[in-house]
Every structure is written in structure tokens, then in C-alpha cells.
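Chemist: one predicted model, sequence on top.
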Amino acid sequence: MIKKVEHVAIIVKNIEKSIQYYSDMFGFTLRKTGKNSRREMAFLKLDNHPGFEIELILDIIPQGDYADKGIVNHLAFTVDNIQEAIQYYRGKGIVFHSVEPNNAFDGAKTIFFNGPNGELLQFVEPVVSLHP
């Protein structure tokens, strides 16, 4: 059965720019890069979240429609305080899709923005449950 999320793969247009973005903005570090005749890849890890990685894929030879349509719908990051995260990342140049966070169906606060390849990213402040 499923134990955890292993990684999320994102099709990118510029692998160096994407590595720099995820490293500078969110603190990911480069674990490994690789290349074959069809694609270049980079694996990014987050030290405080072992076992999860972002896999960045740059197709050297275009693979058809999936290169345009295959970008993951969105990648979400949990934050403790969404207002503080918005203020901090606005200062780093992120432009959010809305001025204020939205409320998810479960009561969490969320806000969307785009990464350097147009990928949809999201911050989520989960609801604090009084009943674990």
C-alpha cells in the first residue's frame, strides 16, 4: 500500500533557472543531476522533509504534447502562517494570483502563484484541529 509521496516531477524550460528558483525561494538543495540522450534531470531535496523530492525534467528531444500538458496541476507547500508567508515571498518577488488567501473546503487558507516555468504552486495553512 502507499506509504508516502516520493516525488513530484515538473517539466521545465530551463533547468538551471528552476534549480535556482526552488533553492533560493524555498530552501531546496540539489541532490543529484543526470542526463541521457532524451532528457536532463535534477533532483531537489528539502532537509527537513527527508524522503520527498522535486524532480525537474528538461526534455532535450521534445516528447510530444505531455511536455506542454504534463506539468503537474500544482505543488503545495504547508506554511505555519499564510499571511507571514505571503508578506515574506512578496518581498522576494512572488506575485500571487489573489491579494488575500482563499478558504479551502476544509477551512484551510490557501494562495496560488506560479513558478519560473508557469507551474502552479500553492501555500496552504492547514486548519488546526482541536480533536486529533
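Modeler: Structure's in. What do you need?
Chemist: so which helix or strand takes in I61?
Modeler: Following DSSP states H and E, one finds I61 outside all helices and strands.
Chemist: need the contact list for it.
Modeler: Taking C-beta atoms under 8 Å, 6 or more residues apart in numbering, we find I61 in contact with 37-39. C-beta: built from backbone N, CA, C; applies to glycine.
Chemist: with only the CA atoms kept, save the longest helix along the chain in PDB.
Modeler: Using DSSP state H to define each element, the chain has its longest helix at helix 15-26. Backbone C-alpha positions of helix 15-26 (Å, rounded to 0.1, in the frame of the first residue of the first chain) are rendered in PDB as follows:
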ATOM      1  CA  ILE A  15      16.800  23.500 -15.600                       C
ATOM      2  CA  GLU A  16      19.400  25.900 -14.100                       C
ATOM      3  CA  LYS A  17      16.800  28.600 -13.600                       C
ATOM      4  CA  SER A  18      14.400  26.100 -12.000                       C
ATOM      5  CA  ILE A  19      17.100  24.800  -9.600                       C
ATOM      6  CA  GLN A  20      17.900  28.300  -8.600                       C
ATOM      7  CA  TYR A  21      14.300  29.200  -8.100                       C
ATOM      8  CA  TYR A  22      13.400  26.300  -5.800                       C
ATOM      9  CA  SER A  23      16.700  26.700  -3.900                       C
ATOM     10  CA  ASP A  24      16.500  30.400  -3.400                       C
ATOM     11  CA  MET A  25      12.800  30.700  -2.700                       C
ATOM     12  CA  PHE A  26      12.100  27.600  -0.700                       C
END
